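Participant: structural data only, the sequence is not supplied:
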């Protein structure tokens, strides 16, 4: 079995540790050649912590000019992701890029064009694309079991600590940029490009924070709307993270999305059955195949795209349109 020689550049992204931990679980598939930290100070801060103890830290020059990996995990600060990614693709390196794709759509489009010219894999790290419940929901929808979409609710709230909410001030759109991108991706996956985007971005101003930490967006389609809610100050917000797809034949509720993932489904033959009632909670729990981990299926897919030429179902055109929608939601 062919191994991918994979590097890791940038460490400030929240998923940096978890992503490195994931690929290290598969030594038959990935050979981690080194990690490039943002600075010597940053390297000294993390090099003896967790999985970082198990890898070699190298300079950017060593990574690109000596180690020359096949692929790269791009895990830097959100607003540095594009410049790091460009350095990789210009050198013909396949990339797994954490999300969102920066805040400069034109720069992202330039990078996508390079990947097309060089026939490189660019995988965006939207891990809910690989969530087993989301996958099951998509299967039911594509098979027609849910009917026509009549509404979508997508919440990804969190009870962030004050320093994290302060940190969000750097982003256009605050929490909608930082985490809302995940839910925007899911809505776009199921429903496509909206006709109109209505965005409300508010500031709680809690603990001296001036970020847009309390945001709602409504995506308007021909016959329904999708509601996306992001609250970075919600007590037990993690437990209320959810994706709900209501259809003319059935409704899927995934809540929580993770830790644990719980999915229920309701069909009209349940709510209309003898003795049933539309005024009762009529649903059944869906037993899901356990996931190996949060990032495992995504990273295994990345491997298959590179080694086995598996087609990336998320095309450059998809990723570009998604990023345009994200930035419109965060700025208009």
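Facilitator: Received it, and whenever you're ready, just let me know what you need. Quantities reported herein were computed from a predicted structural model and do not represent experimental measurements.
Participant: okay, domains of this structure per the record?
Facilitator: Following automatic domain parsing, one finds the domains of the chain at 4-125+295-312, 128-285.
Participant: turn those domains into TSV, including mean neighbour count.
Facilitator: Heads up, the C-betas are built off the backbone N, CA and C, glycines and all. Formatted as TSV, these follow (neighbours: other C-beta atoms under 10 Å):
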stretch	mean neighbour count
domain 4-125+295-312	18
domain 128-285	18
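Participant: surely residue 29 is in contact with residue 1?
Facilitator: Yes: contact criterion C-beta atoms under 8 Å: residue 29 and residue 1 qualify, at 6.9 Å.
Participant: for the residue lying closest to residue 229 once chain neighbours are set aside, what are its contacts?
Facilitator: Leaving out its chain neighbours, the residue that sits closest to residue 229 by C-beta to C-beta, 6 or more residues apart in numbering is residue 155, at 4.6 Å. Contact partners of residue 155, counting by C-beta atoms under 8 Å, 6 or more residues apart in numbering, are 183, 228-230, 240-243.
Participant: now residue 155: how far from residue 52?
Facilitator: Here residue 155 is placed at a distance of 33 Å from residue 52 (C-beta to C-beta, to the nearest Å).
Participant: same question for residue 14.
Facilitator: In terms of C-beta to C-beta, residue 14 sits 15 Å off from residue 52.
Participant: and residue 265, by the same measure?
Facilitator: Distance, residue 265 to residue 52, by C-beta to C-beta: 41 Å.
Participant: just residue 67 next, same as before
Facilitator: Counting by C-beta to C-beta, the gap from residue 67 to residue 52 is 17 Å.
Participant: what of residue 328?
Facilitator: 37 Å.
Participant: kindly report the same for residue 262.
Facilitator: Using C-beta to C-beta, one obtains 33 Å as the distance from residue 262 to residue 52.
Participant: kindly report the same for residue 196.
Facilitator: Counting by C-beta to C-beta, the gap from residue 196 to residue 52 is 45 Å.
Participant: which parts of this structure are strands?
Facilitator: Ranges of strands within the chain are 4-9, 30-36, 71-74, 94-97, 122-124, 149-155, 196-202, 214-220, 225-231, 242-247, 250-254, 263-267, 284-285, based on DSSP state E.
Participant: distance from the chain centre to the worst-scoring helix or strand of the chain on mean pLDDT, please.
Facilitator: Using mean pLDDT, DSSP states H and E, helix 268-271 stands out as the lowest-scoring helix or strand of the chain, at a mean of 92. Put simply, helix 268-271 sits 33 Å off its chain's centre (C-alpha atoms, centre = their mean, to the nearest Å).
Participant: residue numbering should commence at 45 henceforth.
Facilitator: Yes, from this point I'll number from 45; that puts the last item at helix 312-315.
Participant: contact partners of it?
Facilitator: Under C-beta under 8 Å, 6+ apart, the answer for helix 312-315 is 293-294, 320-322, 326-328.
Participant: switch to 6 Å and redo it
Facilitator: Residues from elsewhere that reach helix 312-315 (C-beta atoms under 6 Å, 6 or more residues apart in numbering): 293, 322, 326.
Participant: what would those look like in JSON lines with distance to residue 170 and pLDDT?
Facilitator: Below are the contacts of helix 312-315 laid out as JSON lines (distance: C-beta to C-beta, whole Å; pLDDT from 0 to 100):
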{"residue": "293", "distance to residue 170": "27", "pLDDT": "98"}
{"residue": "322", "distance to residue 170": "35", "pLDDT": "89"}
{"residue": "326", "distance to residue 170": "32", "pLDDT": "92"}
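Participant: hey, where'd the helices end up in the stretch 95-244 of the chain?
Facilitator: Secondary structure of the stretch 95-244 of the chain by DSSP state H, counting those that start in this stretch: the helices cover 104-106, 125-133, 149-162, 176-186, 206-211, 219-222, 224-235.
Participant: isn't residue 210 up against residue 253?
Facilitator: Yes: contact criterion C-beta atoms under 6 Å: residue 210 and residue 253 qualify, at 5.0 Å.
Participant: most centrally placed residue in this protein?
Facilitator: residue 170 (2.2 Å; C-alpha atoms, centre = their mean).
Participant: that residue - nearest residue in space that isn't next to it in sequence?
Facilitator: residue 229 (4.7 Å).
Participant: surely the one you found touches residue 172?
Facilitator: No: if you go by C-beta under 6 Å, residue 229 and residue 172 don't touch, sitting 7.2 Å apart.
Participant: which neighbours do the two have in common?
Facilitator: By C-beta under 6 Å, 6+ apart, no residue touches both residue 229 and residue 172.
Participant: against residue 271, how distant is residue 227?
Facilitator: Residue 227 is 10 Å from residue 271, by C-beta to C-beta.
Participant: which parts of the stretch 245-376 of the chain are helices?
Facilitator: Using DSSP H, counting those that start in this stretch, helices in the stretch 245-376 of the chain cover 312-315, 340-351, 360-375.
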